[in-house]
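In: missing the sequence, but the structure's below:
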């Protein structure tokens, strides 16, 4: 069927900010979809609140709305733009939910909007528990048996029917408390009763326990002619019980015989046919490892994290094909762009194995609960490609950038066997390394299997790695004969790991390897296992006979280093920068090559760069590619810290870094050099001292006068920065930090409680260009990634603006920046203090580029290649002030990580961001707050409990909330203070005291907003911590900075509902 | 050590897996990622030497029931890697045991993607699989085609192998 002629203008719904469970994969899918729809000649309208994405770029859709993702806003945009269709299956769960709501309310019909792709009934059949069950029963597909009940008797009857073990999950409890696995009637009686009690609605879900079964996924595609194919099968190394997003996954399936494979494949196809899916669909199975029994876990009738992985694993562009199906094409009509000669109806076949490894935030969240379960905790993931499981696994581990180059964590050698078993049982993010240590100690694989249910196939592969590792450790260089070294390289061992075991330097191994002519060969990813000639330029490294890319000098080629997995502090914004760098290079006539390993991103899409290397971002792998490509130069300033870290290895290999030179990058990152530079330039920074002992610390703090910012000069054990207000704070901090002997000094700086300002500047060595000055809303002391910020700055007059520009120019020129530089200032009493300088692209580049219309990355690339800013057409100095206000807000995934301290601090915690654009500041604020899911009800209950330092300042804010109609509740201290000062407040008991304590207040739904500023110490036993966690788990807005509370009040005073907010498209942002 | 030598002289070095009987025959590639035992008994591959494009073969072992009563059709099997420690509840034997029992020549450790591409791009199907100690005369090609180049290459490899020893 050809393209439907009734479709002219399509609304695409994006997925919003990056949170745990919904990451960059939807930027990739959405971007691919918009591109293909535009190519088909359709007008595309896009809504997404996330400004860090590629999809919200001006050139991706005809009309781009960076607006809050709420039903009312989507409605307003539909009314304004009048699209004839809506494509909801590319924006994750968010997009899907909107589609259902809009369709069911009759709104879509009213405005004549067609739902493209999968229809509402299908979505509901897949999403609604009961309907899904019925549908599956109709086609004889087994679901996991379960009941929802309010009595123990029903639980026992259910147990009689399906047998033990069973899982009991109480409905609506905080942090999943009160449930568990039961194995017999006795346990059922006890735990079921507990669960019913713990549940707010006295209800439990009892489910057959299939933990330990194999978790298998199929990605499928179906069209309106009922053609249906499976694109990729995937096997989770971790069994059912660990969320698939947190599992190590390999593709294709490894341990399924044809009988099992076909059984599940057929089931997947039967399901998508019965559901009448039009587009992509993910089907997850649990498979009993001991027989042919299976159960459907979940069906996702949309593109997903797994479909992004399947796309990158096979080269099959799932989002593109799904979009084309949505506008009427069928699989037999859609050309496969990778081969250029086959069609989308051909199932891909691969001749390698892919491994996905999740990236967890626990390197930042040291104290949070590291155990994995059915709730996803990973922020991102890496993918690797190899010719065997061993190499895919080892490459994936290197790609994580956690300092592991093998399966060995030396510190684990200290654990006793009992401790090790206990660690393995805990199923934390490090489980694989504990398992490896157990194998190293010759623990039987059967025993490990019994604990972990990781298939013996995978355990044996790990054992292969460890056996070789032990040989290298024992015989060292002697073991590295040509034959052995080739074998080791084929198994994926890194030169660095081998070198460490041989007590040699990495270069020695590299040299040895090259002398033996053991060189990597690059193979193509082509969807067809080499059977058809592929035109896609998508490569991975192996150590085979034949390479598919010629080694030669390429003076017109430039390599871009990507940013690896999404993690706290390095999100999708760096992929945005990398992709824009590639586009800029291509536009300038260069061949752009990217190295990256993140399967979720746009940069690893096969048609973005001229060549894509899906490889770990390590020096070894980068050198290998440099030697083959022999490029003109390498760009390191767009890939975040990942790329910056590799800069010295680019240089040492004799290649040119385009843009700011290596020495200058280093000088800016080195504290001492940086201090010297500021002194030379006569620029102020907060005064500071370096100390080693508690006594010196107290002395230094007193000399500087409180408050002071205290932090280790070298971060160990996660003890980050803190603000100290008195000797007591300093003593407490030093007590904690000196528990471990300190080799590095502690830095104590005067904490300047001023306004934080931020600029991104472009510099060509002569001139600078600053698109706009950003002002942070929370005072200094909150990490810039976690603070709200507004552009243009509100409290900066012309004189101050000039001062900022002068200092910025001095810094940019003196640091010899060529390209981008990010500078953070504190403004206090009309005086500027420099607090941070980063000679590279920053988190704010996408948003500042979008709201000002200055394509910062493109211009930076041109600077790096020698062009001058004054010839670029954007002028020099400070760019024209935008006429609107843009407010960026952080978005957190706090509810996903149990036991995480949520209060804002100098340590970054947010996973994503949103933008609100308005004609007035308060309107931009309101949009931004709505988009970040802060409560914006006009009245309700507010609980205020603040530290002594904050009470005075709190008064005005509390008064304001009272005025607009909020009931104020507070704890004793705060309450007494408020009441004394004429702000009426109801005093509630502390946790556990009295019947009307904070717990019951929060549970009863009387509170909408909590303002809680933490006392120092960050002790998880304190009430404050408990209140904050409870707020997060109840889904309440918990503000831990008075500045946030103040702007929320300002936004609420606008007294506008979502419906009344005017949607503004990026294309309308004329400056 | 084992060598796969094409009729045009292109050769690949790998290792015998299980049975090390030298053979000659026509190559066929298989792109299936699962179901290797079904391939072994598929009449389509009668007398052929099959090369699997998927690099890991035999991961789930062999369930005898699957191929019971069916004749083995393939003459030889080429894979990047055969699984030594397979895992599946229904497995009766490993692929190594199966090859040994049935006297099927198999080699691994070769660049199977390069082999597949050679078959497809250069339309070369005839080959021999030889060990380093075997005499050339023992491995005649089955079809009367121009094999002079291939023979020369085999001789060269054998000579090299001897020198290495």
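Out: On my side now, so go ahead. Source: prediction; values computed, not measured.
In: Can you get me a residue count around residue A:368?
Out: Residue A:368: 18 surrounding residues under other Cβ atoms under 10 Å in any protein chain shown. Where C-beta positions appear, they are placed from N, C-alpha and C, glycine not excepted.
In: so what's it up against?
Out: Residue A:368 makes contacts with A:361, A:362, A:897, A:898, A:899, A:900, as judged by Cβ atoms under 8 Å, 6 or more residues apart in numbering or on different chains.
In: May I ask you to confirm that the third one is in contact with residue A:369?
Out: Yes. With contacts counted by Cβ atoms under 8 Å, residue A:897 reaches residue A:369, the gap being 7.0 Å.
In: Neighbour count: the two, which is higher?
Out: For residue A:897 versus residue A:369, the count of surrounding residues by other Cβ under 10 Å is larger for residue A:897: 23 against 15.
In: Please determine how far the nearest residue to the more buried one once chain neighbours are set aside is located from chain B.
Out: Distances taken as Cβ to Cβ, 6 or more residues apart in numbering or on different chains put residue A:368 closest to residue A:897, at 4.7 Å, once the chain neighbours are dropped. Distance, residue A:368 to chain B, using Cβ to the nearest Cβ, to the nearest Å: 34 Å.
In: ditto for residue A:1044
Out: Distance of residue A:1044 to chain B, given as Cβ to the nearest Cβ: 52 Å.
In: per-residue confidence at that residue?
Out: On pLDDT, residue A:1044 comes in at 97.
In: check contacts around it.
Out: So residue A:1044 contacts A:777, A:778, A:788, A:904 (Cβ under 8 Å, 6+ apart).
In: Same check on residue A:674?
Out: The contact partners of residue A:674, taken as Cβ under 8 Å, 6+ apart, are A:667, A:668, A:837.
In: Can I get these in CSV including distance to residue A:811, neighbour count and secondary structure?
Out: Listed next are these as CSV, based on distance: Cβ to Cβ, whole Å; neighbours: other Cβ atoms under 10 Å in any protein chain shown; DSSP: H, G, I helix; E, B strand; the rest coil:
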residue, distance to residue A:811, neighbour count, secondary structure
A:667, 12, 19, helix
A:668, 9, 22, helix
A:837, 6, 22, strand
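In: now those in CSV, with pLDDT and distance to chain B?
Out: Listed next are the contacts of residue A:674 as CSV, based on pLDDT from 0 to 100; distance: Cβ to the nearest Cβ, whole Å:
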residue, pLDDT, distance to chain B
A:667, 78, 46
A:668, 74, 45
A:837, 89, 48
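In: Which one of those is nearest to residue A:818?
Out: Among those, residue A:668 lies closest to residue A:818 (Cβ to Cβ), at 12.7 Å.
In: ok, residue 51 - contacts?
Out: Looking at chain A here, since you left the chain open. By Cβ under 8 Å, 6+ apart, the contact list for residue A:51 reads A:66, A:846, A:847, A:850, A:851, A:888, A:913, A:914, A:915.
In: was after chain B, sorry
Out: For residue B:51, the contact set (Cβ under 8 Å, 6+ apart) comprises B:27, B:28, B:29, B:30, B:77, B:78, B:79, B:112, B:115, B:116, B:119.
In: from memory residue A:28 sits against residue A:605, does it?
Out: Yes. Between residue A:28 and residue A:605 there is a contact under Cβ under 8 Å: 6.3 Å.
In: which of these two has more neighbours?
Out: More crowded of residue A:28 and residue A:605, by other Cβ under 10 Å: residue A:28, with 33 against 23.
In: I figured residue A:626 hits residue A:656, correct?
Out: No. With contacts counted by Cβ under 8 Å, residue A:626 stays clear of residue A:656, the gap being 10.8 Å.
In: if I look at those two, which residues touch both of them?
Out: Joint contacts of residue A:626 and residue A:656 (Cβ under 8 Å, 6+ apart) are A:634, A:650.
In: still on that earlier bit, could I have the buried ones of the contacts of residue A:1044 as ChimeraX selection syntax?
Out: Those of the contacts of residue A:1044 that count as buried under 16 or more other Cβ atoms under 10 Å in any protein chain shown are selected in ChimeraX with:
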select /A:777,778,788,904
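In: Could I get the pLDDT score of residue A:732?
Out: Predicted confidence (pLDDT) for residue A:732: 83.
In: List the strands paired with the longest strand anywhere in chain B, with their directions.
Out: Identified as the longest strand of chain B according to DSSP state E is strand B:23-30. Under the criterion DSSP bridges, strand B:23-30 sits next to strand B:48-52 (parallel), strand B:126-131 (antiparallel) in its sheet.
In: residue contacts, residue A:926?
Out: Here residue A:926 is in contact with A:916, A:918, A:936, A:1051, A:1052, A:1054, A:1056, A:1061 (Cβ under 8 Å, 6+ apart).
In: Next: residue A:615.
Out: Residue A:615 neighbours (Cβ under 8 Å, 6+ apart): A:384, A:395, A:399, A:540, A:541, A:595, A:597, A:621, A:622, A:625.
In: The last one: neighbour count?
Out: Spelled out, that is residue A:625. Residue A:625 has 24 nearby residues by other Cβ under 10 Å.
In: Then the third one?
Out: The criterion is other Cβ under 10 Å. On that basis, residue A:399 has 27 neighbouring residues.
In: Could you pull up phi and psi at it?
Out: phi -70, psi -20 (degrees, to the nearest 10).
In: ditto for the second one
Out: For residue A:395, the backbone dihedrals (degrees, to the nearest 10) come out as phi -60, psi -40.
In: quick revisit: what subset of the contacts of residue A:615 is buried?
Out: Buried residues within those, counting neighbours by 16+ other Cβ under 10 Å: A:384, A:395, A:399, A:540, A:541, A:595, A:597, A:621, A:622, A:625.
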